[in-house]
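K.L.:
Okay, here's the prediction I keep looking at, along with the sequence it came from:
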Protein chains: 12
Amino acid sequence: MYGKERIYKKLEIIGVSSKGIEGAIQTALDKARSSIDKLSWFEVQEVRGHIGEDGKVAEYQVVLKVAFQIKE
Amino acid sequence: MYGKERIYKKLEIIGVSSKGIEGAIQTALDKARSSIDKLSWFEVQEVRGHIGEDGKVAEYQVVLKVAFQIKE
Amino acid sequence: MYGKERIYKKLEIIGVSSKGIEGAIQTALDKARSSIDKLSWFEVQEVRGHIGEDGKVAEYQVVLKVAFQIKE
Amino acid sequence: MYGKERIYKKLEIIGVSSKGIEGAIQTALDKARSSIDKLSWFEVQEVRGHIGEDGKVAEYQVVLKVAFQIKE
Amino acid sequence: MYGKERIYKKLEIIGVSSKGIEGAIQTALDKARSSIDKLSWFEVQEVRGHIGEDGKVAEYQVVLKVAFQIKE
Amino acid sequence: MYGKERIYKKLEIIGVSSKGIEGAIQTALDKARSSIDKLSWFEVQEVRGHIGEDGKVAEYQVVLKVAFQIKE
Amino acid sequence: MYGKERIYKKLEIIGVSSKGIEGAIQTALDKARSSIDKLSWFEVQEVRGHIGEDGKVAEYQVVLKVAFQIKE
Amino acid sequence: MYGKERIYKKLEIIGVSSKGIEGAIQTALDKARSSIDKLSWFEVQEVRGHIGEDGKVAEYQVVLKVAFQIKE
Amino acid sequence: MYGKERIYKKLEIIGVSSKGIEGAIQTALDKARSSIDKLSWFEVQEVRGHIGEDGKVAEYQVVLKVAFQIKE
Amino acid sequence: MYGKERIYKKLEIIGVSSKGIEGAIQTALDKARSSIDKLSWFEVQEVRGHIGEDGKVAEYQVVLKVAFQIKE
Amino acid sequence: MYGKERIYKKLEIIGVSSKGIEGAIQTALDKARSSIDKLSWFEVQEVRGHIGEDGKVAEYQVVLKVAFQIKE
Amino acid sequence: MYGKERIYKKLEIIGVSSKGIEGAIQTALDKARSSIDKLSWFEVQEVRGHIGEDGKVAEYQVVLKVAFQIKE
């Protein structure tokens, strides 16, 4: 495939999950997938989270860039 | 709401106004709103502006990221 | 035009071409144009590339932000 | 005063106000002042905000570093 | 709550644990909690670690900013 | 005008004013104008300030880049 | 040991694994170890990944700096 | 020459040309040269451009730092 | 010690001294020590200074992060 | 190939050529190739250059990271 | 002086000296002073150097921003 | 020499010494030299240090990039 003219688009999304950093990444991909057919790769931009009343991490919030190829 | 799996999307927009930095932010939000139902928060990325013939700020140009929740 | 309230949107796209950095920029713009009517400016974010079996640059991959005005 | 050995401390605080960016800065300083006697300067780190149901900026959130001299 | 004048403070802490990145984050929060009553959110700044004699990760060191609201 | 070979120069200046961030920007432009004929645009680099004895912002200090075209 | 003159070297490597972020870090360390005797610490630079046909994370790609002491 | 006390100055300029990135760099140097005798080196800061009505790059805008030695 | 769960805190302080950069670092540590028992390491963030009437460096101002372990 | 555990190494090299930015990139790859068998991709870090007596770009200096897979 | 409208300008200069980092800073200030009357402060941007044939530091090169007040 | 095609390599090393920042730089260069014939220049990346039991700087740790020309 290398060498062929083509174009990708990057979107910035935030996945939220109580199931760790990998869980938040997968949540973002699952939901992004309902509107975008074929995601290609992701890049983590930021890892944040909310802390509950009990002092435990209530949720992880992972800011991602996801990329996919645009077909003509 | 914390702890529930969900996803946000961030868009990068530039609001332009002669009414100061806050004015340019609100312009961006007003116009973004016509296509996106429910914006949640914004983050200022850059503040710039054009200088008129008279040496006064002719307009403020504020680059923002705006985020909103994607519903399934 | 300066001083009038208006709004721009920025998209992040990646143009790929074997014809140098300027070639990859133009590829990105050509293909982006099929869905967006009137692009206004671009900003180069990253220049990368794939290296072929023969040690030559097989393709340039240029990450761009492109901006265009949103009409009401 | 220049040339004299001394030490400053910087704290990171976030002021929140519906009264613009300057309002959020002053809110942060007013409340920080109740525990720190003599603030010397501030540096804006980030400007963010929450968007209300009506699409208006509901509040500005300004992340600041504030500095003050530590006396022995 | 949005729109009400208030102030948050951010602290920079480093949590260390042999139980992965999430483990180091939770360690930081558990121990920070003994001096601060109600933490609100965290932001990961850096992920580092020590490598043992056996070439395994001996511990994860996660640099965090944690934020909490200051009451008057 | 686009497409014509030309050159701009950027200067880094700091405007200081007690009249808010926009006030400090305009101060910088007013005074820069006495030596440079035709400024074209500005970019905000940093927003800082001095805090008075009374805990109020005594002045805003805004670090700007200003750009102007160099004529041959 | 502190205070003794010595020197460390840092290498930049990328570990790839389908077993989460910690898995990719450990993969990088395991393989780096075959050529370097005694690694001392690591610093995560970037977290990225490839997304499979099924929309799941096919692999995590973690860019690390690893450091080790150079003996004379 | 190394080891001799001396001083260099850096200026920030923007070269604009329709003839690619290298063309915009050379435009900047050509015009800067009319006021500065002996430029020594340059560093590219940003590559941007304007997009014409036809979707082609109408001009490249390259932000440079140029350095030259100051003689006493 | 590696592998044991523990937590460090980082503070941002500015040491000022006319005795060079190392002097300003040591000033910061000396004075920080009066309130914190056992500092562990420091990281230089910024080096700045004031210039006297005679054009000599009147003082060096070094912004540091200092870290220390929090005991339970 | 995706999903298989593997490791890449990144090197930082500087290619120098009078034949434009792409020329300097290819120079770097050509020479790096004599010691490394199979380069995979590159990332441009910095573009700089030397300016000749005649005010023309005497050479382009492109700082690259090049990556290649390490086989066991 | 605080609160009064005024303007500062920043220049970027590089001081070179074989007498350490502080030596290179002072060289830059000494020579800058011949054209600018009253420098106010400096900020270190980069510290670099040339290495001689004997492996010793032949010279330190310190990139500084220097600031001075512009009088009307 | 300018204009001739050539290539440099950059390594990242950390020099440690109790004799100030310049001492740590020279330590790094001395030891790097035993494996690399002819170093050309260095760039300081980070300045850190360890603090002794007595609150004094026990050692400076300077992270450097060192560059040298690769001969064919």
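P.N.:
It's in.
K.L.:
switch to C-alpha atoms for all contacts and neighbour counts from now on
P.N.:
OK.
K.L.:
which residue packs closest to A:R33, ignoring adjacent ones?
P.N.:
Residue nearest to A:R33 in three dimensions, not counting chain neighbours: G:G55, with 6.8 Å by Cα to Cα, 6 or more residues apart in numbering or on different chains.
K.L.:
and the one you found, how many neighbours does it have?
P.N.:
By other Cα atoms under 10 Å in any protein chain shown, the residues close to G:G55 number 19.
K.L.:
The helix or strand of chain A with the lowest mean pLDDT: what's the following helix or strand?
P.N.:
Sorted by mean pLDDT, DSSP states H and E, the helices and strands of chain A end with helix A:20-33, the least confident at a mean of 94. Following helix A:20-33 in sequence order, the next helix or strand is strand A:39-51 (DSSP states H and E).
K.L.:
Past that next one, which element shows up next along the chain?
P.N.:
Trace forward from strand A:39-51 with DSSP H and E and the next one is strand A:57-69.
K.L.:
what comes into contact with that following strand?
P.N.:
Here strand A:57-69 makes contact (Cα atoms under 8 Å, 6 or more residues apart in numbering or on different chains) with A:6-21, A:24-25, A:38-52, B:2-4, E:26.
K.L.:
Are any of these buried, and if so which?
P.N.:
Using 16 or more other Cα atoms under 10 Å in any protein chain shown as the burial test, these include A:6-21, A:24-25, A:38-44, A:47-52, B:2-3, E:26 as buried.
K.L.:
nearest spatial neighbour of A:I25, skipping sequence neighbours?
P.N.:
A:G15 is the one closest to A:I25 (Cα to Cα, 6+ apart), at 5.7 Å.
K.L.:
Please verify my assumption that that neighbour contacts A:A28.
P.N.:
Yes - assessed by Cα atoms under 8 Å, A:G15 is found in contact with A:A28 at 4.1 Å.
K.L.:
shared neighbours of the two, anything?
P.N.:
B:R6, B:I7.
K.L.:
which strands and helices sit next to the strand or helix carrying A:V16?
P.N.:
Using DSSP H and E, A:V16 maps to strand A:6-17. If contacts are counted by 3 or more Cα pairs under 8 Å, 6 or more residues apart in numbering or on different chains; DSSP states H and E, strand A:6-17 sits against helix A:20-33, strand A:57-69, strand B:6-17, strand C:6-17, helix C:20-33.
K.L.:
If I take that strand and strand C:57-69, what angle do their directions form?
P.N.:
Interaxial angle, strand A:6-17 versus strand C:57-69 (axes from the mean of the first three to the mean of the last three Cα atoms, to 10 degrees): 70 degrees.
K.L.:
So for strand A:6-17, mean pLDDT?
P.N.:
Averaging pLDDT along strand A:6-17 yields 96.
K.L.:
Partner strands of it and their direction?
P.N.:
strand A:57-69 (antiparallel), strand B:6-17 (antiparallel), strand C:6-17 (antiparallel) (DSSP bridges).
K.L.:
From A:Q69, how far out is the residue of chain A found nearest chain B?
P.N.:
Nearest residue of chain A to chain B: A:I13, at 4.3 Å (Cα to the nearest Cα). Taking Cα to Cα, to the nearest Å as the measure, A:I13 falls 17 Å from A:Q69.
K.L.:
Equivalent analysis for A:S17, please.
P.N.:
Shown here: A:S17 relative to A:Q69, a distance of 27 Å by Cα to Cα.
K.L.:
For A:L39, give me its contacts.
P.N.:
A:R33, A:V66, A:A67, A:F68, A:Q69, G:I51, G:G52, G:G55.
K.L.:
run the last query once more with 6 Å
P.N.:
A:F68 (Cα atoms under 6 Å, 6 or more residues apart in numbering or on different chains).
K.L.:
Can you check the pLDDT for it?
P.N.:
94.
K.L.:
and if you look at the one 10 residues further on?
P.N.:
Note for A:G49: predicted pLDDT of 98.
K.L.:
For the strand holding A:V16, what is the distance to the chain centroid?
P.N.:
Its chain's C-alpha centre lies 6 Å from the corresponding centre of strand A:6-17 when counted by Cα atoms, centre = their mean, to the nearest Å.
K.L.:
do stretch A:59-70 as well
P.N.:
2 Å.
K.L.:
which parts of it are buried?
P.N.:
Those would be A:E59, A:Y60, A:Q61, A:V62, A:V63, A:L64, A:K65, A:V66, A:A67, A:F68, A:Q69, for stretch A:59-70 by 16+ other Cα under 10 Å.
K.L.:
Arrange the residues you listed in TSV, one row each, with pLDDT as further columns.
P.N.:
Listed next are the buried residues of stretch A:59-70 as TSV, based on pLDDT from 0 to 100:
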residue	pLDDT
A:E59	97
A:Y60	98
A:Q61	98
A:V62	98
A:V63	98
A:L64	97
A:K65	98
A:V66	97
A:A67	97
A:F68	95
A:Q69	94
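K.L.:
What residue, apart from its backbone neighbours, is nearest the residue in chain A that chain D sits nearest to spatially?
P.N.:
At 15.1 Å from chain D, A:E46 is the closest residue in chain A, using Cα to the nearest Cα. Nearest in space to A:E46, with sequence neighbours left out and distances taken as Cα to Cα, 6+ apart, is A:V63 at 5.0 Å.
K.L.:
what's across from the one you found in the sheet?
P.N.:
Going by DSSP bridges, A:V63 forms beta bridges with A:I14, A:E46.
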